[in-house]
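Novice: build me a model:
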Amino acid sequence: MRIDRLRRERQKRFADEPMPARSLQLRQRERRRSSFADWQAERAAEGWRIKEVEWEPQSDATGAPRGCAELSMPGEEPPAWIRGTIDRIEQNVETGRWAVLDYKTSRVAKDPEKVHRRVTKTEVVWKDLQLPLYSFMAEPLVGKGVVPDLGYVALTGDGTGVRCRLVGPPSDDGVGTGWDLATVEDALERARQIVRDVRAGRVTEAKSLRYLAPIEEELLGVGLVRAPERPSEDDVEGSGDDGDRKSVVEG
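Specialist: Model prediction:
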């Protein structure tokens, strides 16, 4: 959608809703689109061409769920089905190299290497499996045994720029050097262990996540009002003859 068309849609849909949050969101969207167009032009000049967007795997296996890739399990264990949608798959027309990228919107461009694993002198701990699973899912396109460039296309919260960050230890120019096949296989083995744990009922409750910055929560009114707490019997008895209860509003 062109920016001028976006502005017309904004006027048409939200002319009677002069909420600060709405105006802020639309202005950020305009800036992100402009920055993304500049980055896309630079990417194309480097030889990259988009092959697929919002791509889902299609397994040929009998009874395969739609949009899933089959993850084999050792021995007689039944396979697991990995579902996902890949934002962007590219190929470089000059080098033939593939890239599998995921769009991220945040205040800062996160390092996908640090997001996915913690590497020490003695161990490698996987914290997130998104990108190695994407590499596995994309095999029908990029070829079996081929590890594409993997990373994030970060659209910063203020919309002032777009940055592509790849996985792997940084090279001299700060760009990730990528993962090899052994790294992806190690992540897949971790995924298999998670499948075993889930099937065996060895799961733990995830902690609550916070997706918005404090200023965004203020603008959108998130977390400012919550349901009234139910007082104890002692509280009711001590609140007067009518036993009034007050709702709680937190600023």
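Novice: contacting residues around Thr156?
Specialist: Thr105, Ser106, Arg107, Val108, Ala109, Val162, Arg163 (Cβ atoms under 8 Å, 6 or more residues apart in numbering). C-beta: built from backbone N, CA, C; applies to glycine.
Novice: out of those, who's the most crowded?
Specialist: Ranked by neighbour count (other Cβ atoms under 10 Å), these have Val162 at the top, with 21 neighbours.
Novice: which residue packs closest to that one, ignoring adjacent ones?
Specialist: Excluding the flanking residues, the one nearest Val162 by Cβ to Cβ, 6 or more residues apart in numbering is Trp39, at 3.8 Å.
Novice: on the three-state scheme, that neighbour is what?
Specialist: Recorded secondary structure, Trp39: helix (DSSP: H, G, I helix; E, B strand; the rest coil).
Novice: any idea what Leu101 is bridged to?
Specialist: Arg88, Gly151 (DSSP bridges).
Novice: returning to what we had before: let's have the contacts of Thr156 in CSV, adding distance to Glu185, secondary structure and pLDDT.
Specialist: Compiled in CSV, the contacts of Thr156 are given as follows (distance: Cβ to Cβ, whole Å; DSSP: H, G, I helix; E, B strand; the rest coil; pLDDT from 0 to 100):
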residue, distance to Glu185, secondary structure, pLDDT
Thr105, 31, strand, 81
Ser106, 29, strand, 76
Arg107, 34, coil, 73
Val108, 31, coil, 77
Ala109, 28, coil, 78
Val162, 31, strand, 87
Arg163, 29, strand, 87
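Novice: show me the two of these that sit farthest apart.
Specialist: Arg107 and Val162 (14.0 Å; Cβ to Cβ).
Novice: sketch out the low-pLDDT regions of this protein for me.
Specialist: In the predicted model, the chain carries pLDDT under 70 at residues 1-25, 62, 157-159, 169-177, 206-212, 215-251.
Novice: rerun at 80
Specialist: 1-32, 59-64, 106-109, 156-161, 168-178, 204-251 (pLDDT under 80).
Novice: what's the domain layout of it?
Specialist: For the chain, automatic domain parsing gives the domain ranges 1-45, 49-199.
Novice: output these as a markdown table; include the columns distance to Glu205.
Specialist: Putting these into a markdown table (distance: least, Cβ to Cβ, whole Å) gives the following:
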| stretch | distance to Glu205 |
| --- | --- |
| domain 1-45 | 31 |
| domain 49-199 | 13 |
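Novice: point out the most buried one among the ones you listed.
Specialist: domain 49-199 (a mean of 15; mean count of other Cβ atoms under 10 Å).
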